[in-house]
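curious how this folds, go ahead:
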Amino acid sequence: QVQVVESGGGLVQTGGSLRLSCEASLRPTTIAWFRQSAGKEREFVAVISWGGSTTEYADSVKGRFTISRDDPNNAKNVVFLQMNSLKPEDTAVYYCAAPNVRIMPSRDAQLYDYWGQGTQVTVSS
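Numbers count the residues shown, from 1 in each chain. So this is what the prediction gives:
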């Protein structure tokens, strides 16, 4: 059974930083981060290709967030989301997602089959 596990959330002040981690128990593949805040729909945050050479970001986080991955040659599917210059509007539950088959990086949540339980990020003003 595939497992996707996020970690690293917490409470931080405006302007602070957090680093989220995601580990998926399947071969290296495209991994994406999404987030959902209270009363809002889930939204795309960032995505990275299986080899790490291609990344995409939502406009709202571009220049502040960086997605990266552990060496895909070590057979682990570990992805990080470094979040800097955090704002109160970044407050949300952050989810990591992986597809069942190898896909090109995509912002479409419907293409991802496996989701983590989410990790809460709260940015205080």
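
all helices of the protein, in order?
Assigned by DSSP state H, the helices in the chain number zero.

tell me the centre residue of it?
Central residue of the chain (CA atoms, centre = their mean): residue 33, 2.6 Å from the mean position.

quick check: residue 37 vs residue 120, distance?
Using CB to CB, to the nearest Å, residue 37 is found at 10 Å from residue 120. The way it works is simple: take the backbone N, C-alpha and C, and place the C-beta from them, glycine included.

where do the contact lists of the two overlap?
92-93 (CB atoms under 8 Å, 6 or more residues apart in numbering).

which non-adjacent residue is nearest the residue of the chain most remote from its centre?
The C-alpha centroid of the chain is most remote from residue 125, which lies 22.9 Å away (CA atoms, centre = their mean). Using CB to CB, 6 or more residues apart in numbering and skipping residues adjacent in sequence, the residue nearest residue 125 is residue 88, 4.8 Å away.

how many neighbours does that neighbour have?
The local packing of residue 88 (other CB atoms under 10 Å) involves 11 other residues.
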